[in-house]
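Participant: Starting from these lines, generate the structure:
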Amino acid sequence: MASSGSLQALTAAQVTQLEAAFRLLQAGKAGDALAIAHRLAAEATRAPDALQLLAMCYAETGQTGEADRAFLRALEFAPTNPLLLVNYAAMLRKFGRREEAVAAFRRAVEAAPKFAKAWIDLGLTALELGRTQQALVALARAVELQPDSALAWHALGNVHRANGEIEASEGAFRKAVALAPDYGSAWVNLGVVLRLLGRPDQAITCFERAGRAGYVGAELSDVLAGALLDNGRLGDALEEARRLTRDYPDFVPGHVTLAHLLWEYGPALADDSAIATFRAAVQSQPHNHGLRMAFARFLLAARLAEDALAQIRTLQVQAPSPQLAALEANTLEILGRTEQAGALYAQVFGASGRGDPAFLNAYTRHLLRAGEWSAAAERATEATQIDPFNQEAWAYLGTAWRLLDDSREYWLCDYERLIGLVEIEPPAGFAGELDFLDALKSTLEPLHQAKREPVQQSLRGGSQTPGRLFGRPDPVITAARSSLLQAVERWLAMLPADNSHPFLMRKTQCVQVSGSWSVKLWSSGNHVNHIHSQGWISSAFYVSLPPSVASQSAAGGSAGYIQFGQPPHELGLELPPRRVIRPEPGRLALFPSYMWHGTVPFEDEQPRVTIAFDMTPLAG
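Facilitator: Residues are numbered from 1 along each chain as shown. So this is what the prediction gives:
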């Protein structure tokens, strides 16, 4: 590598040319800038600034190989020039070479520890790679160096959100919009986290501010439709979703949003308006692969597997892929065509499936249904090794162990110790438990506007509240959340720590809620057996029970009860539940999120009303 003494200084005339070329580059005239850069680089072969200009012009005109060589040549003469390193890293990031970009950004911050832009770009690139801890360190340093940078605060908010630190994310986004009131994307992201916090009214205000700041696009319309629904403005939400699909017909999430709204809240359920509307969109865009894929997945969730298979096979003809083959295998499995499914699963597994926990989980499902229990345990074990907190993988592994008569099933599930039915303390301000439960039921009732269950949930014959329940600006819900979390902390304190156990190893006295909702089951309704893939602890709090369930004795049956340890019916295993619990109003059931659980159908004119929420450990 050349030493710094071999640098070549530019003459005054060359500096003038350099500046003119940069102006052309900034004006979008990369071809004209490249002509000047060629001349300068030929005249000043050892000038880093001239070589950097040439590299940037090459990059802008798509000549990535030439750009790479020019940047590396410039770095031979100025290996610790932070601006040169940042520009090189920016090019690497632009062209998808993020690992190399992170390395170059790191060299930049080592050369110039107070270079805030380098810290910001390092954090953003690390976030794109999923390295949230590295991103958090970099962006915390950026806001420390440049506390008036709205960009840095916005980036920090995105990292906190990726980490599940929603309250911290809100604070960072609020700082960004305070510094830059017209920062449209920051307003959008603030609205998104406020919706996650259960404050849809505030989220709507943020989305409106984003629009006034000039932010337009399908994403804004999509999140606005969701917030309108959460806020109880069903008509406005449907209108916004219809406008979204009309104005942005290529935007796949918009069609998904509209389909879900029509499924749960549509005016004519018998006409299957959700399916018909989605199908019409696909037929109008026959080569929109993403749209057809989304439709196929929606059909599967709606339990229309034959129709889904036809869509998947159309996609396979248009653009075959291992991902489509795996989806076809899953669909064949649902249809009971186990032998065909097995051949496809084995093909994908051999070609590319070993490193993907989602595929391994799907393959495990097939193996369980096919009676290949040892192989199922092997695939599920592989999934847990790749992703130790994968709740679905642990659920399948526990089932495989049960079928193999392996005592590790009880080590994993421990149906007595790891399932709790906990009393909660009625919040202050209520005369007692009955007064509190009556107030809570009255508060929840107006939120249940859906005409049927969400398409992708375990619920059958009932409704679920939209969005996040906890965080809504209602004093009864706020009081309920506080009392419920206190009960969770008391229950956790009674559990042992065990660093070898996938549930107990995460034990902490502080939890954060990752999702919250209320369910109203109607007569004949139930929850099919399922797990919660995004949780660590899951729950069911009994607000109101129908008389037939509340008065039922253990000897009289189990209608409306919650059951644990029974795998989903579609696996065809016909295993009985390991534990069945009689629900009681004012009691909170707690259990690991990977544990199979469901409810027994009941017959009664009165509904069964619950609150459910998932939790994950809160660090620190």
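Participant: you'd agree residue 189 is up against residue 170?
Facilitator: No. Residue 189 lies out of contact with residue 170 (Cβ atoms under 8 Å); the separation is 9.6 Å. Every residue, glycine included, has its C-beta placed from N, CA and C.
Participant: Mutual contacts of the two, please.
Facilitator: Taking Cβ atoms under 8 Å, 6 or more residues apart in numbering as the contact criterion, the common neighbours of residue 189 and residue 170 are residue 157.
Participant: Which one's more surrounded, these two?
Facilitator: Each of residue 189 and residue 170 had its neighbours counted (other Cβ atoms under 10 Å), and the higher figure belongs to residue 189 (24 against 21).
Participant: element containing the closest residue in space to the more buried one that isn't next to it in sequence?
Facilitator: In space, and not counting its chain neighbours, residue 189 is closest to residue 173: 5.4 Å by Cβ to Cβ, 6 or more residues apart in numbering. Here residue 173 sits within helix 166-179, counting by DSSP states H and E.
Participant: Determine the set of other helices and strands touching that helix.
Facilitator: helix 150-162, helix 184-196 (3 or more Cβ pairs under 8 Å, 6 or more residues apart in numbering; DSSP states H and E).
Participant: That helix: which residues count as buried?
Facilitator: When burial is assessed from 16 or more other Cβ atoms under 10 Å, helix 166-179 yields the following buried residues: 166, 168-177, 179.
Participant: what residue ranges in this protein score low on pLDDT?
Facilitator: Along the chain, the parts satisfying pLDDT under 70 run over 1-5, 267-271, 553-556, 619-620.
Participant: 50 instead, please
Facilitator: Counting by pLDDT under 50, the chain shows low-confidence ranges at 1-5, 269-270.
Participant: and stretch 190-203, how far apart are its ends?
Facilitator: End-to-end distance for stretch 190-203: 7 Å, by Cα to Cα, to the nearest Å.
Participant: ok so, going back, could I get the helices and strands packed on helix 166-179 as a markdown table with distance to residue 440?
Facilitator: Written out in a markdown table, the entries for these read as follows (distance: least, Cβ to Cβ, whole Å):
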| stretch | distance to residue 440 |
| --- | --- |
| helix 150-162 | 30 |
| helix 184-196 | 22 |
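Participant: Tell me which helix or strand the nearest residue to residue 425 once chain neighbours are set aside sits in.
Facilitator: Leaving aside its chain neighbours, residue 425 sits nearest to residue 483 (5.7 Å; criterion: Cβ to Cβ, 6+ apart). Using DSSP H and E, residue 483 falls within helix 475-493.
Participant: Now the very next helix or strand once past that helix: buried residues?
Facilitator: Per DSSP H and E, helix 475-493 leads on to strand 511-527 as the next helix or strand towards the C-terminus. Buried positions in strand 511-527, judged by neighbour count with 16+ other Cβ under 10 Å: 511-523, 525-527.
Participant: Adding distance to residue 313, write the buried residues of helix 166-179 out as CSV.
Facilitator: Formatted as CSV, the entries for these read as follows, by distance: Cβ to Cβ, whole Å:
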residue, distance to residue 313
166, 41
168, 46
169, 42
170, 45
171, 49
172, 46
173, 44
174, 49
175, 50
176, 47
177, 48
179, 52
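Participant: quick one: which of those residues is nearest residue 375?
Facilitator: Of all the buried residues of helix 166-179, the one sitting nearest residue 375 is residue 166; the distance, using Cβ to Cβ, is 39.9 Å.
Participant: I'd say the closest one and residue 195 touch.
Facilitator: No. Judged on Cβ under 8 Å, residue 166 makes no contact with residue 195 at a distance of 10.1 Å.
Participant: how much does the helix holding residue 173 deviate in direction from helix 150-162?
Facilitator: With axes from the mean of the first three to the mean of the last three Cα atoms, to 10 degrees as the basis, helix 166-179 and helix 150-162 are set at 160 degrees to each other.
Participant: Now do helix 166-179 and strand 511-527, the angle between them.
Facilitator: Angle between the axes of helix 166-179 and strand 511-527 is 120 degrees (criterion: the same axes, to 10 degrees).
Participant: Now helix 166-179 - C-alpha only, PDB.
Facilitator: Coordinates of each C-alpha in helix 166-179 appear next as PDB, following Å, rounded to 0.1, in the frame of the first residue of the first chain:
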ATOM      1  CA  ILE A 166     -41.900   0.200  21.800                       C
ATOM      2  CA  GLU A 167     -42.000   2.900  24.500                       C
ATOM      3  CA  ALA A 168     -38.300   3.800  23.800                       C
ATOM      4  CA  SER A 169     -39.100   3.800  20.100                       C
ATOM      5  CA  GLU A 170     -42.000   6.300  20.700                       C
ATOM      6  CA  GLY A 171     -39.600   8.600  22.600                       C
ATOM      7  CA  ALA A 172     -37.000   8.600  19.800                       C
ATOM      8  CA  PHE A 173     -39.600   9.300  17.100                       C
ATOM      9  CA  ARG A 174     -41.100  12.100  19.100                       C
ATOM     10  CA  LYS A 175     -37.600  13.600  19.400                       C
ATOM     11  CA  ALA A 176     -37.300  13.300  15.600                       C
ATOM     12  CA  VAL A 177     -40.500  15.100  14.800                       C
ATOM     13  CA  ALA A 178     -39.800  17.800  17.400                       C
ATOM     14  CA  LEU A 179     -36.600  18.600  15.700                       C
END
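Participant: quick check: angle from it to helix 184-196?
Facilitator: Using the same axes, to 10 degrees, one finds that helix 166-179 and helix 184-196 are set 150 degrees apart in direction.
Participant: Not counting its own residues, what contacts helix 166-179?
Facilitator: Applying Cβ under 8 Å, 6+ apart, the contact partners of helix 166-179 are 143, 148-151, 153-154, 156-158, 160-161, 183, 186-187, 189-190, 193-194, 196-197, 209, 512.
Participant: Can you pull the domain assignment for this structure?
Facilitator: 354-413, 420-617 (automatic domain parsing).
Participant: one step back: just the buried residues of the contacts of helix 166-179.
Facilitator: 143, 149-151, 153-154, 156-158, 160-161, 183, 186-187, 189-190, 193-194, 196-197, 209, 512.
Participant: still on that earlier bit, quick check: the residue nearest to residue 425 touching residue 427?
Facilitator: Yes. With contacts counted by Cβ under 8 Å, residue 483 reaches residue 427, the gap being 5.0 Å.
Participant: give me the beta-bridge partners of residue 530?
Facilitator: Beta bridges link residue 530 to residue 597 when assigned by DSSP bridges.
Participant: In contact with it, which residues?
Facilitator: Listed by Cβ under 8 Å, 6+ apart, the contact set of residue 530 reads 458, 568, 596-598.
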